[in-house]
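quick one, what's the 3D model for this:
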Amino acid sequence: MTDLDRVLAQVDADLDASLERLFAFLRIPSISTDRAYAQECRRAGQWLVDDLASLGLKSTLNDTPGHPIVTGRSEMGAAKRVMFYGHYDVQPVDPLNLWDNPPFEPKIVDGPDGTKRIVARGSSDDKGQVMTFVEACRAYLKVAGTLPVDVTIMVEGEEENGSGNLPPFLAANRDALKADLALVCDTGMWDPQTPSIVISLRGLMHDEIVITCADRDLHSGYYGGAAANPLHVLAKILGEVHGPDGRITIPGFYDGVIEPPDHVKAEWAKLDLTPENFLGPIGLANPIGEQDRSLVEMISSRPTFEVNGMWGGYLGEGSKTVIPSIATAKISCRLVADQDPVQVRDAVRAYVRSRLPADCKVEFLGGEGSRAVAVSHDNPDLAKAAQALADEWGKAPVTVGEGGSIPIVGHFKKTLGQDTLLVGFAQDDDRIHSPNEKYDLASFHKGIRSWVRILAALAA
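Reported below is the predicted structural model:
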């Protein structure tokens, strides 16, 4: 029996004790967005510091202007170091009456299909996921007395509240947090039997467009047909952003977009992501993105332009026949590859200005953004982690881009110079941020075993 086999056997033998530790963590109501729970957030951080210290890691509760950040560090003299990131804070539990059990009294229940589920706030997002990694380190240290790679564990308490204090913490502790690779567990499986590695995250640019025409709201009977209506102007401009083929018409918008390799597109084609199984559950049937792109590409490797809100004029009950003076829209663009959010913002604004009638004016409020992040498809650590997951789950993991944005991963690259692999074991039906949040027992158990295999593989 190899060391790896013995460590995996230890994970299996220690599962009940691992669950007891997770349940103790879950009982702490570490709701970061509510000041009333500030001491509970600190208590959760201290609980984790104490648990990491029990493994022999040098652990610290680092104060910030908000909730503290937990760090733990091994010093095994290994040739490689990884930094693992997660968060101990959780979402509020409202509405409480929709929970089948008290949200901070974790229990194991049977799902409709007979699967065992850990039900509690934070079970999936993110305490259960954090503990899969901690328990993997525990098993390794108990069996082998060492870790195959040195680890730095960083767990924050403000992820659900914007992570405002994490970027300055990274900058102030750049040397102490230096590692060869970052690992993030705040993601999920492709499906209940197929693991996933997220290798790219789309960036973001959001802006607010305010168009003013007349100097006051106008009587639509007296001025209608002659005076410019800013709602019409704004709707026309935004309506022309997408061409009939779904492609964004803004000049320069696609600068920096990179094509995925052909072999990656071939892998995506096998994923069976169809309009029926992706859009059907939300009451839709037809993808509206670039029509020469697959559905996987539309939601992961292609940029987007979305109108998030649009308003102006009279919005109250009944009618008021006015031509409004001002119309406003909030827009957001998801960015990919090497797109520059500042360049995209400037291109969008130039596009709007170029289509503005002569006697109307525009103002922009916002323009903040973050770049996309990606791991090269030929990164050797990606291949090692993929093989480790395949060994545990019996099938190769899906390597795919995430449509959303996790800004902290960009900070890992920008501030620490570290690539990130995102490996998580959540399921689509985990109800994160909702009542009756759950984490499958198999996700927890096999998640621990997966991290054991990944740590061993990364050391090779």
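
can we go C-alpha only for contacts and neighbour counts from here?
Noted.

in the stretch 351-460 of the chain, which spans are strands?
Under the criterion DSSP state E, counting those that start in this stretch, the stretch 351-460 of the chain contains strands at 361-364, 368-370, 373-374, 398-402, 420-422, 438-440.

so which of those strands gets nearest V296?
Of all the strands of the stretch 351-460 of the chain, it is strand 398-402 that lies closest to V296, at 8.4 Å by Cα to Cα.

residue ranges with poor pLDDT in the protein?
Residues of the chain that meet the criterion pLDDT under 70 lie in 404-405.

okay, domains of it per the record?
3-201+372-459, 203-257+303-370, 258-300 (automatic domain parsing).

turn those into a markdown table, columns for mean neighbour count.
A markdown table is the format used below for the domains of the chain (neighbours: other Cα atoms under 10 Å):
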| stretch | mean neighbour count |
| --- | --- |
| domain 3-201+372-459 | 20 |
| domain 203-257+303-370 | 17 |
| domain 258-300 | 14 |
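
need the contact list for the most centrally placed residue in the chain.
Against the mean C-alpha coordinate of the chain, by Cα atoms, centre = their mean, the closest residue is I406 at 4.3 Å. Taking Cα atoms under 8 Å, 6 or more residues apart in numbering, we find I406 in contact with L201.

and E135, by the same measure?
Taking Cα under 8 Å, 6+ apart, one finds V11, S18, I448 in contact with E135.

that one: helix or strand, and which one exactly?
helix 127-144 (DSSP states H and E).

so how far is that helix from its chain's centroid?
Remark: helix 127-144 is offset 23 Å from the chain centroid, using Cα atoms, centre = their mean, to the nearest Å.

now do stretch 162-171
So, by Cα atoms, centre = their mean, the centroid of stretch 162-171 is 16 Å from its chain's centroid.

endpoints of that stretch, how far apart?
17 Å (Cα to Cα, to the nearest Å).

repeat for stretch 416-423
19 Å.

outside of that stretch, which residues touch it?
So stretch 416-423 is in contact with 170-171, 174, 177-188, 196-199, 374-375, 382, 409, 412-413, going by Cα under 8 Å, 6+ apart.

try 7 Å
174, 178, 180-185, 187, 196-199, 375, 409, 412-413 (Cα atoms under 7 Å, 6 or more residues apart in numbering).

then stretch 191-204?
Contacts of stretch 191-204 (Cα under 7 Å, 6+ apart): 188-190, 332-336, 341, 369-375, 389, 395, 397-406, 421-423, 427.

how about stretch 237-257?
288-291, 336-339, 344, 347-348, 351-352, 355.

what do you get if the cut-off is 6 Å, keeping everything else the same?
G289, E290, Q291, A337, D338, Q339, V344 (Cα atoms under 6 Å, 6 or more residues apart in numbering).

now those in JSON lines, with distance to I299 and secondary structure?
Formatted as JSON lines, these follow (distance: Cα to Cα, whole Å; DSSP: H, G, I helix; E, B strand; the rest coil):
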{"residue": "G289", "distance to I299": "9", "secondary structure": "coil"}
{"residue": "E290", "distance to I299": "11", "secondary structure": "coil"}
{"residue": "Q291", "distance to I299": "13", "secondary structure": "coil"}
{"residue": "A337", "distance to I299": "14", "secondary structure": "coil"}
{"residue": "D338", "distance to I299": "17", "secondary structure": "coil"}
{"residue": "Q339", "distance to I299": "16", "secondary structure": "coil"}
{"residue": "V344", "distance to I299": "19", "secondary structure": "helix"}
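
sorry, back to before: dump the strands of the stretch 351-460 of the chain to TSV, plus distance to G283.
Formatted as TSV, those follow (distance: least, Cα to Cα, whole Å):
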stretch	distance to G283
strand 361-364	34
strand 368-370	31
strand 373-374	31
strand 398-402	22
strand 420-422	30
strand 438-440	25
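
distance of the closest residue to P435 other than its chain neighbours from G424?
Spatial nearest neighbour of P435, excluding adjacent residues (Cα to Cα, 6 or more residues apart in numbering): W99 at 5.2 Å. According to Cα to Cα, W99 and G424 sit 25 Å apart.

just to revisit the earlier point, tell me the one among the contacts of stretch 237-257 nearest to S59.
A337 (35.9 Å).

return the residues in contact with the closest one.
Contacts of A337 by Cα under 6 Å, 6+ apart are V257, I258, A372.

any idea how far the residue nearest to the last one when sequence neighbours are not counted is from V257?
So the one you mean is A372. Nearest residue to A372, sequence neighbours excluded (Cα to Cα, 6+ apart): G203, at 3.8 Å. Going from G203 to V257 by Cα to Cα gives 12 Å.

next one: D215
Taken as Cα to Cα, the span from D215 to V257 is 41 Å.

re earlier: and the angle from the following helix or strand past the helix holding E135 to helix 127-144?
Remark: after helix 127-144, the chain's next helix or strand is strand 150-156, criterion DSSP H and E. Put simply, strand 150-156 runs at 160 degrees to helix 127-144, going by axes from the mean of the first three to the mean of the last three Cα atoms, to 10 degrees.

which parts of the stretch 351-460 of the chain are helices?
380-393, 407-416, 441-459 (DSSP state H, counting those that start in this stretch).

show me the contact partners of stretch 97-111.
R27, K116, R117, I118, V119, A120, R121, P435, N436.

so what pairs up with the second one in the strands?
Read it as K116. Per DSSP bridges, the residues bridged to K116 are D110.

that one is in contact with S443, isn't it?
No. Taking contacts as Cα atoms under 6 Å, K116 lies outside contact range of S443: 10.0 Å.

so V198, which state does it fall into?
strand (DSSP: H, G, I helix; E, B strand; the rest coil).

what distance do you get for it to V400?
Note on V198: its distance to V400, by Cα to Cα, is 5 Å.

E40 too?
Taken as Cα to Cα, the span from E40 to V400 is 36 Å.

check G72 too.
For G72, the distance to V400 - Cα to Cα - is 30 Å.

what does K330 give?
Taking Cα to Cα, one finds K330 at 29 Å from V400.

where exactly do the helices run in the stretch 201-350 of the chain?
220-223, 230-239, 262-269, 275-278, 295-300, 341-354.

reformat those as CSV; add distance to R6.
Output for the helices of the stretch 201-350 of the chain, formatted as CSV (distance: least, Cα to Cα, whole Å):
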stretch, distance to R6
helix 220-223, 79
helix 230-239, 60
helix 262-269, 34
helix 275-278, 41
helix 295-300, 39
helix 341-354, 49
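
N62: which of those is closest?
Nearest to N62, of these and by Cα to Cα, is helix 341-354 at 32.2 Å.

how about the closest one as CSV, C-alpha atoms only?
Taking C-alpha atoms only, helix 341-354 is exported to CSV below (Å, rounded to 0.1, in the frame of the first residue of the first chain):
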residue,chain,number,x,y,z
PRO,A,341,-12.0,47.1,-19.1
VAL,A,342,-10.9,50.7,-19.6
GLN,A,343,-10.6,50.2,-23.4
VAL,A,344,-14.1,48.6,-23.4
ARG,A,345,-15.6,51.4,-21.4
ASP,A,346,-14.1,54.0,-23.7
ALA,A,347,-15.4,52.1,-26.8
VAL,A,348,-18.9,51.8,-25.3
ARG,A,349,-18.9,55.6,-24.5
ALA,A,350,-17.6,56.5,-27.9
TYR,A,351,-20.3,54.3,-29.5
VAL,A,352,-23.1,56.1,-27.5
ARG,A,353,-21.7,59.6,-28.3
SER,A,354,-21.5,58.8,-32.0
